[in-house]
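Participant: Structure, please.
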Amino acid sequence: MAGRKQFDVDVALDRAMRVFWQQGYAGASVDLLGSATGLGRGSLYGTFGGKDALFRQCLDRYAAIYGARYERALAAHQDEPVRAMEAFLGVVLDRIADPDVPDGCLVAQSTAQSATLTEAGRARVMTLLGQQRIRVRAALAVSGADAQVVEDLSVFVVGVVQSLAVLSRAGTPDADLRAVVRLACTTVADTLARAVKRSEGSAPR
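Facilitator: Numbers count the residues shown, from 1 in each chain. Just a heads-up that it's a prediction; the model follows:
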């Protein structure tokens with residue numbers, strides 16, 4: 001049919017996403033992206049609007065794929081904040097262990113290379129980090145701990161996620177990554193327990 005695209009846009013996005021994930025924004029040349037997707041420069045620009053627009057669409061696709069997994073993990077432990085964090089970080093470990101995807105994390109990779117991004121690209125990365133923090137904050141809030149404690153822990157957990165991605169890309173053994181997660185969950189549990197105890201102790205009788 002005249003004018004009909006002869007390729008699957010989602011497949012092309014997935015292939016481009018892997019290039020950005022492996023090479024970073026600066027290293028993902030238009031030639032590399034075209035080779036991976038099978039699209040010529042004209043088709044690449046005509047379909048996605050250029051490299052930066054394609055990058056942002058890849059970020060969104062990445063966030064949709066893994067965001068759904070985070071949501072399912074957290075939803076399975078709605079009233080158990082520590083278990084929810086274990087499940088949340090378990091999604092990260094599962095992604096790291098998956099041999100079918102590149103090492104690390106596209107968002108973490110992009111955050112580390114933010115100086116190479118356009119203003120729109122940096123804004124999209126920060127939005128995705130913010131969304132991750134919102135998920136974690138909501139899961140921790142059910143503990144009844146003080147709002148500032150919940151906020152601080154949400155920053156901590158997102159920081160652990162980013163650290164795991166960087167460590168995995170550097171070749172850190174799985175056992176070491178799991179040790180980080182165990183200690184992070186222990187920190188969350190202990191901090192919440194102390195915060196709730198303080199809150200109960202200061203409540204009017």
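
Participant: For this structure, give me the ranges with low pLDDT.
Facilitator: Across the chain, the ranges flagged by pLDDT under 70 are 1-7, 201-205.

Participant: quick one, helices of it?
Facilitator: 9-27, 30-37, 41-48, 51-75, 81-97, 106-112, 119-141, 147-169, 174-202 (DSSP state H).

Participant: As a markdown table, these with mean neighbour count would be great.
Facilitator: Where you see a C-beta, it was placed from the backbone N, CA and C, and this is true even at glycine. As requested, the helices of the chain are arranged in a markdown table below (neighbours: other C-beta atoms under 10 Å):
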| stretch | mean neighbour count |
| --- | --- |
| helix 9-27 | 18 |
| helix 30-37 | 17 |
| helix 41-48 | 15 |
| helix 51-75 | 18 |
| helix 81-97 | 20 |
| helix 106-112 | 22 |
| helix 119-141 | 17 |
| helix 147-169 | 18 |
| helix 174-202 | 14 |
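
Participant: what separates the residue lying closest to Ala184 once chain neighbours are set aside from Thr186, distance-wise?
Facilitator: Once flanking residues are discounted, Ala184 sits nearest to Val160: 4.6 Å by C-beta to C-beta, 6 or more residues apart in numbering. Using C-beta to C-beta, to the nearest Å, Val160 is found at 12 Å from Thr186.
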